[in-house]
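Peer 1: Can you look at this prediction? I've put the sequence above it.
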Amino acid sequence: MSHSIAEIARALDARAEGETDLRVLRAAEPASAGPEDLALAMSPAYAEGLAKGRARVAILWEGADWQALGLKAAIFVGRPRLAMSGVTRAFDPGPRIAPGIHPSTVIDASAKIGPGAAIGPFVVIGEGVEIGANARIAAHVHIAEGTVIGADALIHSGARIGARVKIGDRVFIQPGAVIGSDGFSFVTPEKSGVEEIRQTLGERSGVRAQSWLRIHSLGTVEIGDDVEIGANVTIDRGTIRATKIGSGSKLDNLVHVGHNVEVGHDTLLCGQVGIAGSTRIGNRVVLGGQCGVGDNLFVGDDVIAGGATKMMTNVPAGRVVLGYPAIKMDQHIEAQKNIRRLPRLYAQVAELREAVTSFMQKAGSKGEE
C-alpha cells in the first residue's frame, strides 16, 4: 500500500514541503533508500547517508535544507522517536489473517464471535468464550473456556490463553505468550527451610526432609485496554483473586508475572523482567531488562529501575534505582566509583604501612642507642 507525502505528514501532524503528492511504498534507512522509499533522516547525522541512497523524499530534522540534499519533497519533525511511532504504524501491514473464520478452526457452539473478527487456521476456542468485534487471531492460538477478549485485539500465532481470562480492547499478544497458567505456589506440611531462613535471615535449626504440596490457582488474569504482551511472556493466574495488568502497559519478550501480581497502567516491563507473587507495581513504572522483584512487595508510581536491578524491599514512588540490592541510582554510581578506586587505595595503604613500619624501626634503633 502506498502513501503520499501529504498523507504521512497529516498522520504525523507535521509540516511537509515540495511535491507532496509523491507516493512511497515503504520506509528505509537513508543509505539504502530507493526512489519509492521514504528515507528516515531525522537528524543531521543521516545527511551523509542520503547522498549515498536514491531517495526522492525523506523525513528530516527541523531547519534542514531539503533542496540542497537533492530531494523532491520532505517532512519535518521535531521529535524523531515520536515520528517513528507514526511512520512505522502507517507502513506496518500486520500479520496476514484472512477475513472470516478458517474452516480448520474449532469453535465451541456456545462461543460468541464479534462482527468483523478474523480467525486463522487451527485455532481452538473453548466453551463460553467471547471474542470482540474486529479481533484478529492468527494460527494455532488456543483460548480456553470462559475467556473474554475485547474489540480490535490482535493475537499472534501460538499464543495460549487460559480459562476465564479477561482481556480488554486493542490488546496485542505476540507469538508464544502464555496467559493464565497456574501460579507457582507450594507449601510443606511443616515449616520449610525457606520459611525459616526468611524469618532468621539465614540461620537454620537443622536440615530435614520436606515435600511440597500444590496450592491450586482458582483466580484468573485481567488485562486492561491497549496492553501489549511480548513473545513468550508468561502471566500466572491468581490463587484466589486475579492477576492484573493495567491499561496501556507494555510487556517485553520473556517477561514473567507471578500469581496475584498487580501491574498499574502505562507501565513498561522490559525483557526478562521477573515479578514474584503478590507484588504490586504502580503506574508509569519502568523496569529495565532482567530486573527482578521479590514477592509481596510494593513498587510505587513512576519508579524507574535500571537493567538487572534486584528489588528485595519496597520502593517508594518516584525513585530511580539500580543495583543488587536496589539502591538510589546516584548512590549506586558513587559506590561503583569507590569500588574502582579500591586497588589504588590498597596500594596507598600498603605504602603508608611500609612507611610507618620503617619509621618505627628507625625510631626503635635510635632508642636503643
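Peer 2: That came through fine.

Peer 1: Let's test this: mean pLDDT of stretch 113-124, rounded?
Peer 2: When pLDDT is averaged over stretch 113-124, the result is 98.

Peer 1: gap between the two ends of that stretch?
Peer 2: From its first residue to its last, stretch 113-124 covers 13 Å (CA to CA, to the nearest Å).

Peer 1: can you give me how far it is from the chain middle?
Peer 2: From the chain centre to the centre of stretch 113-124 is a distance of 27 Å (CA atoms, centre = their mean, to the nearest Å).

Peer 1: ditto for stretch 256-272
Peer 2: 9 Å.

Peer 1: Then stretch 277-295?
Peer 2: With CA atoms, centre = their mean, you get 11 Å for stretch 277-295.

Peer 1: Mind listing what's buried along that stretch?
Peer 2: 277-289, 291-294 (16 or more other CB atoms under 10 Å). C-beta here means a position set from N, CA and C on the backbone, and glycine is covered the same way.

Peer 1: Stretch 57-70 now?
Peer 2: V57, A58, I59, L60, W61, A64, W66, L69.

Peer 1: G126 reaches A109, doesn't it?
Peer 2: No. At 11.0 Å, G126 and A109 do not qualify as touching, with contact defined as CB atoms under 8 Å.

Peer 1: who has more neighbours, the two?
Peer 2: Per other CB atoms under 10 Å, whichever of G126 and A109 has more neighbours is G126, with 19 against 5.

Peer 1: biggest helix in the chain by residues?
Peer 2: Selection of the longest helix in the chain by residue count, based on DSSP state H, yields helix 329-368.

Peer 1: pLDDT on it, on average?
Peer 2: 88.

Peer 1: list the helices and strands that helix packs on?
Peer 2: If contacts are counted by 3 or more CB pairs under 8 Å, 6 or more residues apart in numbering; DSSP states H and E, helix 329-368 sits against strand 320-322.

Peer 1: in its sheet, what does the strand it packs on sit against?
Peer 2: For strand 320-322, the paired strands and their directions (DSSP bridges) read strand 304-305 (parallel), strand 327-328 (antiparallel).

Peer 1: Mean neighbour count, the ones you listed: which tops it?
Peer 2: strand 304-305 (a mean of 22; mean count of other CB atoms under 10 Å).

Peer 1: neighbouring contacts of it?
Peer 2: Applying CB atoms under 8 Å, 6 or more residues apart in numbering, the external contacts of strand 304-305 come out as 285-288, 291, 299, 311, 315, 319-322, 326.

Peer 1: Let me have those residues in TSV, extended by distance to M360 and pLDDT.
Peer 2: Listed next are the contacts of strand 304-305 as TSV, based on distance: CB to CB, whole Å; pLDDT from 0 to 100:
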residue	distance to M360	pLDDT
V285	58	98
V286	57	98
L287	55	98
G288	52	98
C291	52	98
V299	55	98
M311	50	98
V315	51	98
R319	49	98
V320	49	98
V321	47	98
L322	44	97
A326	46	96
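
Peer 1: Closest to A335 out of those residues?
Peer 2: Comparing the contacts of strand 304-305 against A335 with CB to CB places L322 closest, at 9.8 Å.

Peer 1: Next, the contact list for the closest one, please.
Peer 2: A305, G306, T309, K328, M329, H332, I333.

Peer 1: how close does the fifth one get to T309?
Peer 2: I take that to be M329. 9 Å (CB to CB, to the nearest Å).

Peer 1: which of those two has more neighbours?
Peer 2: The neighbour comparison of M329 against T309 (other CB under 10 Å) goes to T309, with 27 against 17.

Peer 1: surely that one meets V285?
Peer 2: No. Using CB under 8 Å, T309 makes no contact with V285, being 11.8 Å away.
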